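Visitor: need a structure here:
(one chain, ligands or ions: 1)
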Amino acid sequence: MKSSVHIQVFTTIAQYRQWRSSLKDDGSGKPLVGLVPTMGALHRGHVTLIEQARSQCQYVVVSVFVNPLQFGPNEDFDRYPRAFQKDSEICSQAGADAVFHPGVPEFYPGGLAETTKVIPPPRLIGHLCGPLRPGHFEGVCTVVMKLFNAIQPVRAYFGEKDYQQLVVIRQMVSDLNVPIDIVGVATVREPDGLALSSRNVYLQADQRDVAPQLQAALCSIRDRTASGATSLQDALVEARNDLSRIPNLQLQYLEACDAQTLEPVTEVVRPMVILVAAKLGSVRLIDNIIVR
Ligand code: AMP
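Guide: Below you'll find the predicted structure:
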């Protein structure tokens with residue numbers, strides 16, 4: 001384990017670039033720089049991404065930036081958890097070499113309204129989280145593109161937990177000829193199945209108790225349709241009904257899609273992804289399961 005004194009923290013692109021230009025290729029054939037983009041409040045899910053990057057790349061950079069451009073006006077930008085000191089220690093312990101942690105004025109010097117944006121195709125963002133979070137995926141693509149240009153990684157790591165985001169980023173990289181490998185990493189969960197999320201800290205005890213039912217619903221759809229005994233449509237309707245009966249849980253969507261194209265499907269295809277979003281009080285949770 002590396003000690004926290006060795007981690008480099010950069011708050012400006014200029015400082016980072018100076019360090020980046022000093023890196024020497026060790027000739028191992030591994031990618032020189034791997035990037036793990038995050039919004040901080042790091043948990044074991046993030047650590048898994050960092051560890052995977054550590055095992056595959058010569059240098060690992062974690063970005064910690066709560067991106068205002070991807071939050072709607074009524075979303076939780078202001079109260080999003082921020083814990084930079086702890087985050088940099090976690091990055092160091094997980095084996096990262098550097099943390100990129102710019103302020104909003106450094107990253108959007110011309111302001112948010114005026115910046116050039118990356119707009120993903122409607123077929124990827126016209127359903128699931130897209131309509132519920134107008135502007136969100138433009139904000140994500142724009143910040144990821146900016147991070148790619150600032151950090152210049154060879155490879156970048158994203159969680160399957162944010163599955164629509166992963167598909168949108170893969171498409172962006174393909175459409176805009178971005179020379180970076182995108183690696184998807186399996187979702188890390190609590191022992192009871194709840195997907196780890198920085199927002200879980202906001203769940204009250206009764207909400208935390210019912211939160212694992214999201215993953216349980218996804219698993220039940222997968223299992224009931226696997227044998228062909230239950231149709232996908234029936235399994236989805238029944239699971240939606242079950243979730244809707246949970247007090248204080250507001251189901252936003254529960255859908256099945258082609259895992260590669262994200263096109264909605266009415267019958268089982270492989271690979272398929274079943275995705276769910278729900279609000280527990282004011283806390284919004286998403287989850288998914290990939291059926292391979
Ligand atoms: P965030 O800080 O929430 O923007 O997440 C940063 C990265 O970590 C994204 O690529 C997420 O998909 C990924 N991530 C978040 N939670 C998990 C999890 N439970 N398991 C695996 N990856 C995750």
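Visitor: ok, the closest residue to residue 190 other than its chain neighbours - how many residues close by?
Guide: Excluding the flanking residues, the one nearest residue 190 by CB to CB, 6 or more residues apart in numbering is residue 196, at 6.6 Å. From N, CA and C alone the C-beta is placed, and that goes for glycine too. A count of nearby residues for residue 196, using other CB atoms under 10 Å, gives 17.
Visitor: Can you name the residues that contact residue 196?
Guide: Taking CB atoms under 8 Å, 6 or more residues apart in numbering, we find residue 196 in contact with 43, 44, 45, 161, 187, 188, 189, 190.
Visitor: just residue 291 next, same as before
Guide: Shown in contact with residue 291 (CB under 8 Å, 6+ apart): 222, 226, 259, 268, 270, 271, 272, 273, 274.
Visitor: With residue 96 instead?
Guide: 7, 36, 50, 53, 54, 60, 61, 62.
Visitor: any idea whether it is helix, strand or coil?
Guide: Using DSSP: H, G, I helix; E, B strand; the rest coil, the three-state assignment for residue 96 comes out as coil.
Visitor: Show me where the chain has its strands.
Guide: In the chain, the strands defined using DSSP state E lie at 8-10, 33-38, 59-64, 98-100, 155-159, 181-185, 249-258, 272-280, 283-291.
Visitor: Quick check: residues of the stretch 1-150 of the chain near the ligand?
Guide: 38, 39, 45, 46, 48, 49 (CB under 6 Å from any ligand atom).
Visitor: From what I see, residue 28 and residue 59 are in contact.
Guide: No: look at residue 28 against residue 59 with CB atoms under 8 Å: they stay out of range, at 11.6 Å.
Visitor: Name the residue in these two with the higher neighbour count.
Guide: With neighbours defined as other CB under 10 Å, residue 28 and residue 59 compare such that residue 59 has more, 24 against 9.
Visitor: follow-up on the earlier one: name the nearest of the residues of the stretch 1-150 of the chain next to the ligand relative to residue 125.
Guide: residue 39 (19.2 Å; CB to CB).
Visitor: Can you name the residues of the stretch 151-292 of the chain sitting close to the ligand?
Guide: So the stretch 151-292 of the chain meets the ligand at 158, 159, 161, 162, 185, 187, 188, 195, 196, 197, 198 (CB under 6 Å from any ligand atom).
Visitor: so who does the third one touch?
Guide: Applying CB under 8 Å, 6+ apart to residue 161 gives the contacts 45, 187, 188, 195, 196, 197, 286, 287, 288.
Visitor: and if you look at the fifth one?
Guide: Applying CB under 8 Å, 6+ apart, we find residue 185 in contact with 48, 49, 52, 157, 158, 159, 160.
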